[in-house]
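A.B. asks: output the structure for:
(chains A and B)
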Protein chains: 2
Amino acid sequence: MEELMGLREGSPGKPEALRELWGRCPHIRRGVRRALEWLKQRLFRVGEDWYFLMALGVLMALISYAMNFVVARVVRAHNWLYQEIGDSQLLRYLSWTVYPVALVSFSSGFSQSITPFSGGSGIPELKTILSGVVLEDYLDIKNFGAKVVGLSCTLASGSTIFLGKVNKSKQNEMLAAGAAVGVATVFAAPFSGVLFSIEVMSSHFSVWDYWRGFFAATCGAFVFRLLSVFSSEEETITVLFKTSFPVEVPFDLPEIFFFVALGGICGIMGCAYLFCQRTFLGFVKTNRFTAKLLATSKPLYSALAALVLASITYPPGVGRFFASRLSMGQHLDALLDNNSWALATRSSSPPWPGELDPKNLWLDWYQPEFTVFGTLAFFLLMRFWMLILATTVPIPAGYFLPIFIYGAAIGRLLGEALSVAFPEGIVAGGVINPIMPGSYALAGAAAFSGAVTHTISTALLAFELTGQIVHGLPVLMCVLAANAITQSCQPSFYDGTIIVKNLPYLPWIRGRCLGSHPVNVGHFMKSPITTLAKDAPLEEVVEVVTSTDVAEFPLVESAESQILVGTVCRAQLVQSLLAGPSSWARGQQRQLQDILAGGCPTTPVTLQLAPDTTLHQAHNLFELLNLQSLFVTSRGRAVGFVSWVELKRAISSLTNPAAPK
Amino acid sequence: MEELMGLREGSPGKPEALRELWGRCPHIRRGVRRALEWLKQRLFRVGEDWYFLMALGVLMALISYAMNFVVARVVRAHNWLYQEIGDSQLLRYLSWTVYPVALVSFSSGFSQSITPFSGGSGIPELKTILSGVVLEDYLDIKNFGAKVVGLSCTLASGSTIFLGKVNKSKQNEMLAAGAAVGVATVFAAPFSGVLFSIEVMSSHFSVWDYWRGFFAATCGAFVFRLLSVFSSEEETITVLFKTSFPVEVPFDLPEIFFFVALGGICGIMGCAYLFCQRTFLGFVKTNRFTAKLLATSKPLYSALAALVLASITYPPGVGRFFASRLSMGQHLDALLDNNSWALATRSSSPPWPGELDPKNLWLDWYQPEFTVFGTLAFFLLMRFWMLILATTVPIPAGYFLPIFIYGAAIGRLLGEALSVAFPEGIVAGGVINPIMPGSYALAGAAAFSGAVTHTISTALLAFELTGQIVHGLPVLMCVLAANAITQSCQPSFYDGTIIVKNLPYLPWIRGRCLGSHPVNVGHFMKSPITTLAKDAPLEEVVEVVTSTDVAEFPLVESAESQILVGTVCRAQLVQSLLAGPSSWARGQQRQLQDILAGGCPTTPVTLQLAPDTTLHQAHNLFELLNLQSLFVTSRGRAVGFVSWVELKRAISSLTNPAAPK
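C.D. replies: Numbering: from 1, shown residues only, chains lettered A, B, ... in the order given. Predicted structure coming up:
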């Protein structure tokens, strides 16, 4: 107590002494100040935005974690209700179905009532925006809120609806990084997060963006995993789905052949899935009954779809034949199991467990009268159309994880078949190595999801999720084989949605289209165009402005020379015209240049195309510089106009010469 | 035997029967033919070149494997010689030193005698070429041959010279893919091979190239590993340096802090290394003695340097204090060891082994009088200047692996120190986990090599090399920290070489330079320029052609209007002028347009800049479209000229405003 008193008494003197000491060393003082200045200058330079990127990553991780937390609680409540409700089949059925139906219809209604765009995964819209097209209101905090709440409801409806989450950020300025952060936080996989978002989003990207993406993704993944350590779910930061494949001989050389074959199967399945999905989406949009339902009452459509899906997955009913009680994570945990289920159930046949056994999740995949193969095949059959039906429901949802699991089931089926065909393993080099169906499930998951999204980085995602990269080459070969098939036959999942949703979008030119068809800008530009000459009388200007509705007019030197000097914005021109009616009324013959001199701003031409510019060059320009439109000049004269509409038409007539011009 | 006879007798009849059978089914025949046609059309479309990429990957793998094979034999012969030569110290010393000296001087002399470019890793040159600059003769089969032979000699000189290989291909058309294949085949790591080559080579790239890179890299890595299985070196295709970190709790949460600190240390060491390396390279080039030696007798310089390096690494001498007997692969194997050497040698102190024990390679790192810390620190000290000296030797060599190992040693030193400081492991969450110095070695290797080359994908390389990705987040954070420090202080290893070698090269613009300095093409273009008017008299044209030496002249409509209409190539113009002297001599006043009409080809303008184009736009154009130069037009008039020389000057005056314009 006395010490405290002494401290208090001494306290006015202390800073004085400190100040004195401080004042005595001007060198050190100046040095410290300069060092701090230097540090500040280093860290917060103009144009550097690492702190924004970090905040973005951390924020995304917090939101993602909070969503996970809420969803886990809601799912647990549902399971508890289902277990405790008694033996009445009707009550159990109702508790199983009503819950997701309510959540899905709420999610649909809530997110639609806030903004009409928030359905789906949002990746097609982001892709469109990144390619330079402006979608108004899409990058909105309201939309983000709607997404978060809607997504939580979707996830809470659990394995019945079987839709996952692909979170993503909506920072207009750092969109590319945001998309990477989304994937990275959801899967805690920074590498594949960055690569996946690059592959899905754009066709060109800069290494600078890629570094930014890595930084933000690492922050996000770190915080996301950190939270699960702090909440005592995990001992330390580690991978989501641990596998324990042997390091010494993970697979045998002849197995490479089966991995490539699996890639081929996944590619064909991917084509079939994409084709059916696009067709069904189109059917729902054109069919009179569903189109009307979707237009007038989206929640009702969602509720109906949810009811169908929930009824089929009802575990005591059909659901027990395709392991519908497992959640998404449990599905993956079970499918990546090392051991062969078929061999394990060959001698003994365990009964179907009444309740889930967390240690032996795979038992849910075994039906004595159906065998493992039966359940896996039935899963593939049922989930195929259920996934397609689920994607038509207008709720915010991620489609990646369900597709990943579907692929894992394909791989597992092949793996189990191989383990039965070669029960002793494939003998090569005198050593016997049993076949691990889990490795096929991993490869199948990567290959099918890669094929459907037209990406290769799913292979890396598979490794980051499991913590082992020993199957590096076979999985990569499997993914490449699947991609080769699907990319040459079908547009990707996201491109397909863009096509069905009729979003503005620039398709990309494959290498093969270039050499064979030399197409120049002169062939496809919009021509002739309406120009405004500087020496045009005001009457003519007013007529041009009122008769057309383009947003930007090309400004030419004179009506005769047509030499392009700049552009003038429609809105500003109209404003200037309206501002100066008094002088205009005086009868004096005024020209456009008087208006311009009077303060209407013009934009100088920075880039221009020539009629001899190739389609490839024009495409690169538009895509890399995020352009909306460019004027075409020939010897200085404005002769045409190219926007992404003309480019798109030119590219689609390249890839499909029969298409209407 | 009779069956055989029967077969022979029947053989003339068989094809007939077959043909008959064949002829009977026109449907099937047509179907098969159509299917084959379809397959051919699918696989060998115009512009698709997957078979070239595949051939490239396979070829690279074969060459790389053949090199490995030869090198291994030569190294084994050297080791045998060294072991068998008896106890005479002089003889042993001579056998240790003469061998690498001879190989290095041969490598230097041989490759220099064929082409002067083949020294070094070749990555700086490739980077220059990819940025659009033409280096003549660099992409030459002669140069490639020189590289392969020279590289083999360098590698054969083994751990004394301590240089690795970064193989790469020289296919002009598929350069980007080739570089990826090189890295992928050397390390059997397709993912990081592709990413590393992208990061090192370019600042923009297309997803299409990235897919091609993956395909070629996978083929290369697969064949490379396949060969080692066929030659019975390995059981199956697996990773190069297997680690066995525990999957459950690979590291503890507080260790993240040490990983980031390790990143900081590696970043600072990277800065120091890059600075010293560039300074020394400059010194060798300017110092009178060494410059003369390098100009007149490169093999002598190489031999001298090799003698110095070999003498210091002589194992019974100084070499034993920094484990100089280990090869590059053995170094990595030892440094990535799970267990703590410091703890293992604390109670017992094993003697320094007279011969290498392949099972306990790490014993070479332990000197009883020096401890493990002493050898590691001494290794870092000695290898620092030895590496710098080795990089000045003009032989084909890869610098990546030595840098990777150096980083592993930094990490190992920190890891050993931590394992002594916390011998019981870091206690967190009630569970005790021993610290694994091997994980720090892995992180250090990735961070230091990433810092020196300014790349992040080295983290991925570390995982692909070891087959485990459980340290994903800490290693990535370590690499990011190291990169943040080095990228803000020093140019990368390859950029530094480009600077010292004075190669033409376009520096890239950081995000931060853009907003603060709005620079337009008008500010830095070359102006005025010499134009050729279509109505210019021939005398004037001849004068212009003889007085200037540009390769391309801008062609304008008339001397008065200066409207740009195209370009004409100097060589072709001269040829046309020389071809038509008879008509020219007739005294009639001829103009340039007569020459042009007479058959001199002109190139239309496809892209043009405006004085208002921003530096950023111009930079992107040049880089993405691989341009050499562009003309600047204002209202159609040719007013200036921009090539990478002007761009480079503009960018360097941006980043360093004091630089001379």
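A.B. asks: list the contacts of the closest residue to residue A:323 other than its chain neighbours.
C.D. replies: The shortest distance from residue A:323 to any non-neighbouring residue, by C-beta to C-beta, 6 or more residues apart in numbering or on different chains, is to residue A:364 (4.5 Å). C-beta here means a position set from N, CA and C on the backbone, and glycine is covered the same way. Taking C-beta atoms under 8 Å, 6 or more residues apart in numbering or on different chains as the contact definition, residue A:364 lies against A:323, A:325-326, A:334, A:352-353, A:356.
A.B. asks: and whichever residue of chain A sits closest to chain B, backbone torsions?
C.D. replies: Chain A approaches chain B most closely through residue A:636 (1.6 Å), counting by C-beta to the nearest C-beta. According to degrees, to the nearest 10, the main-chain angles of residue A:636 amount to phi 90, psi -20.
A.B. asks: what's the neighbour count on the nearest residue to it once chain neighbours are set aside?
C.D. replies: Nearest residue to residue A:636 in three dimensions, chain neighbours excluded: residue B:636, at 1.6 Å (C-beta to C-beta, 6+ apart). Counted by other C-beta atoms under 10 Å in any protein chain shown, the residues lying close to residue B:636 total 27.
A.B. asks: surely residue A:251 and residue A:433 touch.
C.D. replies: Yes - using C-beta atoms under 8 Å, residue A:251 makes contact with residue A:433 at a distance of 7.4 Å.
A.B. asks: the two - which one has more neighbours?
C.D. replies: Using other C-beta under 10 Å as the criterion, residue A:251 and residue A:433 rank with residue A:251 on top: 25 against 21.
A.B. asks: coming back round to it: quick one, what contacts the residue of chain A closest to chain B?
C.D. replies: For residue A:636, the contacting residues are A:561, A:563-564, B:563-564, B:633, B:635-637, by C-beta under 8 Å, 6+ apart.
A.B. asks: can you tell me how far residue A:621 sits from residue B:607?
C.D. replies: With distances taken as C-beta to C-beta, to the nearest Å, residue A:621 is found 8 Å from residue B:607.
A.B. asks: meant to ask about residue A:408
C.D. replies: In this structure, residue A:408 and residue B:607 are 49 Å apart, going by C-beta to C-beta.
A.B. asks: now the stretch 351-500 of chain A, which segments are flagged as low pLDDT?
C.D. replies: Confidence mapping of the stretch 351-500 of chain A against pLDDT under 70 gives the ranges A:426-431.
A.B. asks: any residues of it in contact with chain B? List them.
C.D. replies: Contact residues (C-beta under 8 Å from any C-beta of the partner chain) of the stretch 351-500 of chain A with chain B: A:428-429, A:431, A:433, A:456, A:459-460, A:463-464, A:467-470, A:472-474, A:476-477, A:480, A:483, A:488.
A.B. asks: could you redo the last one with a cut-off of 7 Å?
C.D. replies: A:429, A:431, A:456, A:460, A:463-464, A:467-470, A:472-473, A:476-477, A:480, A:488 (C-beta under 7 Å from any C-beta of the partner chain).
A.B. asks: before we move on, back to that, residue A:408 and residue B:607: which is more packed in?
C.D. replies: A direct count of neighbours by other C-beta under 10 Å for residue A:408 and residue B:607 places residue A:408 higher, at 27 against 19.
A.B. asks: which non-adjacent residue is nearest the more buried one?
C.D. replies: Ranked by C-beta to C-beta, 6+ apart and with sequence neighbours excluded, the top spatial neighbour of residue A:408 is residue A:445, at 3.8 Å.
A.B. asks: check the burial of that neighbour by counting its neighbours.
C.D. replies: Residues near residue A:445, counting by other C-beta under 10 Å, number 33.
A.B. asks: ok, now which ones touch it?
C.D. replies: For residue A:445, the contacting residues are A:404-405, A:407-408, A:411, A:462, by C-beta atoms under 7 Å, 6 or more residues apart in numbering or on different chains.
A.B. asks: check residue A:436 too.
C.D. replies: A:245, A:338.
A.B. asks: and it, its phi and psi?
C.D. replies: Torsion angles, degrees, to the nearest 10, at residue A:436: phi -100, psi 110.
A.B. asks: any of the contacts of residue A:445 buried? List them.
C.D. replies: A:404-405, A:407-408, A:411, A:462 (16 or more other C-beta atoms under 10 Å in any protein chain shown).
A.B. asks: so which of those residues belong to helices?
C.D. replies: By the criterion of DSSP state H, membership of those in helices covers A:404-405, A:407-408, A:411, A:462.
A.B. asks: same list (those residues) but as a markdown table, adding distance to residue B:498.
C.D. replies: Shown next, in a markdown table, are these (distance: C-beta to C-beta, whole Å):
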| residue | distance to residue B:498 |
| --- | --- |
| A:404 | 43 |
| A:405 | 48 |
| A:407 | 44 |
| A:408 | 46 |
| A:411 | 46 |
| A:462 | 38 |
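A.B. asks: report the two of those residues separated the most.
C.D. replies: Largest separation among those by C-beta to C-beta: A:405 and A:462, giving 12.0 Å.
A.B. asks: now do the buried residues in the top helix by length along chain A.
C.D. replies: Secondary structure of chain A per DSSP H: the longest helix is helix A:50-84. Of the residues in helix A:50-84, A:53-54, A:56-61, A:63-65, A:67-68, A:71, A:74-75, A:78, A:82 count as buried by neighbour count, 16+ other C-beta under 10 Å.
A.B. asks: anything in it near chain B?
C.D. replies: No - shown here: helix A:50-84 not in contact with chain B (C-beta under 7 Å from any C-beta), separated by at least 8.0 Å.
A.B. asks: state the distance from the residue nearest to residue A:636 to residue A:604.
C.D. replies: In this view, residue B:636 and residue A:604 are 14 Å apart by C-beta to C-beta.
A.B. asks: strands of chain A, start to end?
C.D. replies: Secondary structure of chain A (DSSP state E): strands located at A:204-206, A:426-428, A:431-433, A:532-533, A:552-556, A:564-569, A:602-604, A:607-609, A:629-634, A:637-643.
A.B. asks: next, the angle strand A:637-643 makes with the fifth one.
C.D. replies: Which is strand A:552-556. In terms of direction (axes from the mean of the first three to the mean of the last three C-alpha atoms, to 10 degrees), strand A:552-556 departs from strand A:637-643 by 160 degrees.
A.B. asks: and for strand A:552-556, what are the contacting residues?
C.D. replies: Residues contacting strand A:552-556 (C-beta under 7 Å, 6+ apart): A:529, A:531-534, A:562-570, A:573, A:602, A:631, A:638.
A.B. asks: least confident of the strands of chain A, on average?
C.D. replies: If you rank the strands of chain A by mean pLDDT, strand A:426-428 sits at the bottom with a mean of 63.
A.B. asks: around the residue lying closest to residue A:432 once chain neighbours are set aside, how many other residues sit close by?
C.D. replies: With C-beta to C-beta, 6+ apart as the criterion, residue A:432 has its nearest non-adjacent residue at 4.9 Å, and that residue is residue A:425. Using other C-beta under 10 Å, residue A:425 has 17 other residues around it.
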